[in-house]
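Enquirer: Take this sequence and fold it.
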Amino acid sequence: MSLPSHRLPRKGRPRHRSGGCAGRRQAMFAQRGIGSLAMAAAAAIVALAVLSAPAQAAKRVALVIGNAVYQHAPQLANPLNDAGNIGAALGRLGFEVTKLENAGKVALERGLLHFSRAASTAEVAVVFYAGHGIEVDKRNFLVPVDARLLSDREVEFETVSLDLVGRAVEGASGLGLVILDACRDNPFAASMRRAGAKRSIGRGLARVEPSGEMLVAYAAKEGTLASDGTGRNSPYTRALLAHLEEPGLEVGLMFRKVRDAVLEATGNKQEPFVYGSLSSKGAYLGARPEPPAPAIPGKTVTPKGAPPTGGLTREQIAARRVVAEKELLFWQSVKDSADPAEIGAYLAQYPSGTFAALARTRLKRLTDARDTISAEQSEAAHELKPADRRKIQTALWALGFNPGVPDGVFGERTRDAIRDWQRSRSQPATGFLDAASARTLRTAAPDLSRPLWLTAQNQPCKVWNPNPKPGETVTWSGGCIDGQASGSGRLVWRGSYGQDTYVGQYQGGKRHGRGIFKWFSGARYEGEWRNGRRNGRGTEAWSDGSRYVGDYKNGKPHGYGTYTASDGRVFQGIWSYGCFGERYGQWATIGTTAESCGFK
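Expert: All right, here's what the predicted structure looks like:
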């Protein structure tokens, strides 16, 4: 285990640190102020410019949820990919996107609450959910990753009702849209005990009847199942991505195109369905199609029975046709190019063109691919030895990112851990390491000559120890399966620094389930653990009175949470790998640095 430590706040900028089982932790905060008259005057000029500018685009918000790593059911292959790709597409369409990954019940409910507040001031509000859903007595529920569902009586207590999701989007002044890729074959339905013979557990999801300007889209119509697919995305999400950014496409027509694509991809085995109705005004997730130019009096006469011309003269129509044909030829000449410069040339000439959204999407893919290829080549150039790779994997463990077993092989799990580490440092998330990054991680790795597993002194049972220290010993009072600590019990670490204790659940020698960890410094964490790290919902408190309550991922605050500093200041909202920032200059970090979060 790493040596916990604690530093009292310094005058002028409160700051505190506490170490722990997942490595050294740090919490600090600051608030930037505007202290000069010149800056205040500049702010006033900016405000005046905003007030005098044309009206801004209507606010659009989206909550994108991907639940894949279920604690009491087999893992799903695609929801995280589906949610990530949909979130990115909505972001390119101008939505303010909030993401939730592998959300438990509390995190899901809090995320919906936070999102409902944003939706109440928006014109368009969208919730996309990929994961398990279940229908009981014609009522639909989303299944959080921590649900057990041992009995149908527990459904209302352990899941989140689709009605709650509907209420989260209904505050939007224009369109409320719920998209569910959640009709997968549900493993909970077969194993649940029935509390009463009159209660029914359906196959897929039940029909809904949303009211007002709201639509609910299912990946598969009522009572049928959707496929998770064999590729990166499910068939439904793949079809949705193909049409989501199509310029000027009305929502109703978009979902009809998605339906046709899914039917074709699944051999008519899966039919998506949309419930609800909209007014004749039409609804758009992207930009609305441009209205025809106003008629110029005395310039044109449309004969009876002739096709409409939008009030344009023949010369104007011909001129527009020439421009459109030139743009089409330009796009067709570059659309399949692998050179980002050629796609950029189209956007430079037609920044608001018919194919601009498609061009921006392709340009991003090409740029991302080029960055990844460049990073891959850079990693290959410095020829990491197996021992170096094991050190890097162990360092990722120590820093709170799960690469799997440190075996010296960089598989997909290790690449994902590297991407998460890169995101935490505001670097391109390529999954590959250049020489400098590899050196940083090798330096951060604990001494591999010391054991990563410790055998308890009181019984022949091992526990995972990713941050070994000289002379450290453990005792375990609990169950032991295949030579590894399992079940509920009490673990005590003793070393030259003092004593740490953990009371809670273990699985395969690692903290897994609920538990309480107490550091000798006085810091304390109570909450959920997975694979040896803080993952899920938890509460951490430090000896100076500061406290964090919220979601964790890989040992760091990630998701919705509230940090209360020792002087009473509160930082509440969405955290990202220990980083929290607000538009007015407030920021806070836990388990990372301000520089890594981009706050300095």
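
Enquirer: Doesn't Asp500 belong to a helix?
Expert: No. In this structure, Asp500 is strand, not part of a helix, as judged by DSSP: H, G, I helix; E, B strand; the rest coil.

Enquirer: Make sure it is actually in contact with Arg490.
Expert: No. Under the criterion of C-beta atoms under 8 Å, Asp500 makes no contact with Arg490, lying 11.6 Å away. Where C-beta positions appear, they are placed from N, C-alpha and C, glycine not excepted.

Enquirer: Between these two, tell me which one has more neighbours.
Expert: More crowded of Asp500 and Arg490, by other C-beta atoms under 10 Å: Asp500, with 25 against 14.

Enquirer: Under a three-state scheme, what state does the closest residue to Glu222 other than its chain neighbours occupy?
Expert: Distances taken as C-beta to C-beta, 6 or more residues apart in numbering put Arg207 closest to Glu222, at 4.2 Å, once the chain neighbours are dropped. Put simply, Arg207 is coil when judged by three-state DSSP.

Enquirer: For the stretch 51-200 of the chain, which segments count as helices?
Expert: 79-92, 105-119, 155-158, 162-169, 187-191 (DSSP state H, counting those that start in this stretch).

Enquirer: lowest-confidence stretch among these?
Expert: Note on these: lowest mean pLDDT is at helix 187-191, with a mean of 66.

Enquirer: per-domain residue ranges of this protein.
Expert: Annotated domains of the chain cover 15-29+451-597, 60-275, 314-373, 382-444 [automatic domain parsing].

Enquirer: And the strands in the stretch 1-150 of the chain, which stretches?
Expert: Using DSSP state E, counting those that start in this stretch, the strands of the stretch 1-150 of the chain run over 15-18, 25-31, 60-66, 96-101, 124-130, 133-136, 139-142.

Enquirer: Select, out of these, the one closest to Gln349.
Expert: The closest of the strands of the stretch 1-150 of the chain to Gln349 is strand 60-66. By C-beta to C-beta, the value is 27.5 Å.

Enquirer: How about the contacts made by Val474?
Expert: Counting by C-beta atoms under 8 Å, 6 or more residues apart in numbering, Val474 makes contact with 454, 456-457, 463, 465, 491-494.

Enquirer: Swap in 10 Å and give it another go.
Expert: With contact set as C-beta atoms under 10 Å, 6 or more residues apart in numbering, Val474 has these partners: 1, 454-458, 461-463, 465, 485, 491-495, 500, 502.

Enquirer: Next, find the distance separating it from Ser488.
Expert: 16 Å (C-beta to C-beta, to the nearest Å).

Enquirer: Show me the contacts of Val474 that map onto strands.
Expert: 454-455, 462-463, 485, 491-495, 500, 502 (DSSP state E).

Enquirer: Which one of those residues is nearest to Ala172?
Expert: Scanning the ones in strands among the contacts of Val474 for proximity to Ala172, where the rule is C-beta to C-beta, the winner is Tyr502, at 45.2 Å.

Enquirer: any idea how far Gly478 is from that closest one?
Expert: 10 Å.

Enquirer: repeat for Lys221
Expert: Distance, Lys221 to Gly478, by C-beta to C-beta: 49 Å.

Enquirer: Next: Arg256.
Expert: 57 Å.

Enquirer: Need the distance between the two termini of stretch 266-283.
Expert: Terminal residues of stretch 266-283 are spaced 28 Å apart (C-alpha to C-alpha, to the nearest Å).

Enquirer: Pull out the buried positions in it.
Expert: 266, 270-276, 278, 283 (16 or more other C-beta atoms under 10 Å).

Enquirer: and the residues you listed as CSV, adding secondary structure and pLDDT?
Expert: Output for those, formatted as CSV (DSSP: H, G, I helix; E, B strand; the rest coil; pLDDT from 0 to 100):
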residue, secondary structure, pLDDT
Thr266, coil, 85
Gln270, coil, 89
Glu271, coil, 91
Pro272, coil, 92
Phe273, strand, 91
Val274, strand, 92
Tyr275, strand, 90
Gly276, coil, 88
Leu278, coil, 80
Ala283, coil, 86
